[in-house]
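> Sharing a model prediction with you, sequence too.
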Amino acid sequence: MESKVSSRLKQPLAKEVLEHIFLPRLNREFHANFEMLNQINLAHLLMLREQGILDAGASAGLAEALLRMQAEGPDAVALDPAREEAYFNYEAHLIKLVGQELGGRLHTARSRNDIGATIDRIRARDFAARIGRALIDVAEAALARAETFAHCVMPGYTHMQAAQPITYGYYLSALADAWTRDVDRLLHALDTADASPLGACALAGTSFPIDRAVTSSMLGFTQPLPNALDGVASRDFALELSAALSIMMITCSRMVQDFYIWSTPEFGYLSFPDSIASTSSIMPQKKNPAVLEYLRGKTGHLIGLTSAALATVKSTHFTHSGDSSRESTRTCWEACEEALKSLALMKLLVEQVEPNPARMASRASEDFSTVTDLADLLVRKADASFRDAHHIIGAVVRQALDLGMPAREITPAMIRAASVQELGREILLEAEDIEACLDPVRNVAARQSAGGPAPRLVLEHIEEQKALLGKKRSVIDATVQRVGDAREQLQRRIRVLVSSDAGAPAVQGA
């Protein structure tokens, strides 16, 4: 028995090839790609009719059969791995409905190569839009919480050591800025995917008088790709999308790591509702941060999936091949699905984690994160250079640590003694000035420089962030609307085609 798809091959596919290549691919792709393949077939058919490549009767008969397949869904198609993959199985079912003479005409002026590339671009476009919206949801949730906690003072950290006071709202606003850049990367990936390769055929186009601009528009793309070889050779849009997701998840994982530490009893800054925690099978007191650990793990998975895609494409020839065009995109779709799940959990975390304002403020007043302002005070009030002021306050902190004193108990006498030791002259500061510097609330409020944590600045910036995210959401919404309108228009045109020719060949079994 020869091949089921080509008279060129005189032997059937080996059992191992069926089991390890084509059956897994068919199971993975057919249901996922079925509706996209429907849209491509309908658009291609309309174009063939409008260009006079197919006559009215043949076009109407094929249109009726395609609409029937669309209505019955992928489960109506009997899958056979001996037909290699999704398209040949789809075509075999179409031929079963209308006969080989008519069913075989739909493949005029195209190849599996440009069909597959078009499916991948539609899939990347749809995923980029869905993920972009989900990420904007997370960022907007963070900004809503940032507004609520713009005055919630806490220590800020560098090197995981107390650095300077900030607020919990300021921290969340900073994350929203980072996520906004992640949205920009997704928007760029969305734009990169927005061009149609349909009509590129195998790699060199066709001698038939096709109109690629028409099929591009009917599938919701803004333009056809200008070069047929590039159209079937390149999956850089999927690589870009996967890389953007990895960077996005790295941003998320850094917040997760902060939440992981801040929720420990040793910090006590954050608490989780029981609904997003797990427990121990042996230790009854345990409440484990299961969601945080899941998200850290998923970040590693997405980085690995991106690395796998890049390694798969590396050193492949610049044309269509199974590894560059098929195996390379597998991990992108998995990464997209995992990213959507992860963003749903990220939004849950942002919305439901509760800060402990009293604990945060207490730590900020005790852990010396306020003393940079004492050095600034010496510069302003005692005409000291900042480097000299740094040495003086460093000596004061060392003395306080040796005595077991918290930062709030630093006195004018300690600063006077340190100034004599470091500069050979006395510096006298007022107790109320020192107290103002060491009060974390006043400390934060004084940081009025652009980008600083003063609540007034944070609240103003949040309004700017909301507006910017709204604009980016509108870009995604416009793309989704354009694609949806194109899909509806395509369905209307196909139904007109079916109804316009009553003498179309009957669909078998209809």
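All right, it came through fine.
> Show me how the record splits this structure into domains.
Taking automatic domain parsing as the domain assignment, the record places the domains of the chain at 15-108, 113-362+456-486, 371-438.
> Tell me which residue is most central in this structure.
The centre of the chain sits closest to Leu245, judged by C-alpha atoms, centre = their mean, with a distance of 4.2 Å.
> Of the domains of the chain, which shows the lowest average pLDDT?
Across the domains of the chain, the stretch with the lowest average pLDDT is domain 371-438; it has a mean of 89.
> Span of that one from start to end?
One end of domain 371-438 sits 6 Å from the other (C-alpha to C-alpha, to the nearest Å).
> How far does it sit from its chain's centre?
In terms of C-alpha atoms, centre = their mean, to the nearest Å, the centre of domain 371-438 is found 47 Å from the chain centre.
> Stretch 225-245 now?
Using C-alpha atoms, centre = their mean, the mean C-alpha position of stretch 225-245 is found 17 Å from that of the whole chain.
> count of neighbours near Ala78?
Taking other C-beta atoms under 10 Å as the neighbour definition, Ala78 ends up with a count of 10. Using the backbone N, CA and C atoms, a C-beta is placed for each residue, glycine as well.
> Wait, a helix at it?
No: the secondary structure assignment for Ala78 gives coil rather than a helix, going by DSSP: H, G, I helix; E, B strand; the rest coil.
> Nearest residue to it in space, please, no chain neighbours.
Counting by C-beta to C-beta, 6 or more residues apart in numbering, His93 is the residue found nearest to Ala78 once chain neighbours are left out, at 7.3 Å.
> On the three-state scheme, that neighbour is what?
For His93, the assignment made with three-state DSSP gives helix.
> my guess is it contacts Gln70, does it?
No: counting by C-beta atoms under 8 Å, His93 does not reach Gln70; the two are 11.7 Å apart.
> ok, now which ones touch Arg145?
Contact criterion C-beta atoms under 8 Å, 6 or more residues apart in numbering gives Gly169, Leu172, Val350, Glu351 as the residues in contact with Arg145.
> mind checking how far it is from Phe259?
Computed as C-beta to C-beta, to the nearest Å, the Arg145 to Phe259 distance reads 12 Å.
> now swap in Arg425 and tell me
Computed as C-beta to C-beta, the Arg425 to Phe259 distance reads 47 Å.
> quick one: which of the two has more around it?
Neighbour count, other C-beta under 10 Å: between Arg425 and Phe259, Phe259 has more, with 19 against 10.
> Which helix or which strand is home to the more buried one?
Phe259 is located in helix 236-262, with elements delineated by DSSP states H and E.
> could you point out which element follows that helix?
Following helix 236-262 in sequence, per DSSP H and E, is strand 270-271.
> Residues in contact with the helix or strand just after that next one: which ones?
The element immediately downstream of strand 270-271 (helix or strand, assigned by DSSP H and E) is helix 290-313. When contacts are defined by C-beta under 8 Å, 6+ apart, helix 290-313 is touched by residues 235, 238-239, 242-243, 245-246, 249-250, 252-253, 256-257, 259-260, 263, 272, 276-278, 323-324, 327-329, 331-332, 334-335, 338-339, 341-342, 345-346, 348-349.
> tell me how far the next helix-or-strand element following helix 290-313 is from the chain's mean position?
Where DSSP H and E defines the elements, the next helix or strand beyond helix 290-313 is helix 328-352. Counting by C-alpha atoms, centre = their mean, helix 328-352 is centred 7 Å from the centre of its parent chain.
> will you turn the contacts of Arg145 into a markdown table that also has distance to His159 and neighbour count?
Below are the contacts of Arg145 laid out as a markdown table (distance: C-beta to C-beta, whole Å; neighbours: other C-beta atoms under 10 Å):
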| residue | distance to His159 | neighbour count |
| --- | --- | --- |
| Gly169 | 23 | 26 |
| Leu172 | 21 | 26 |
| Val350 | 25 | 24 |
| Glu351 | 30 | 12 |
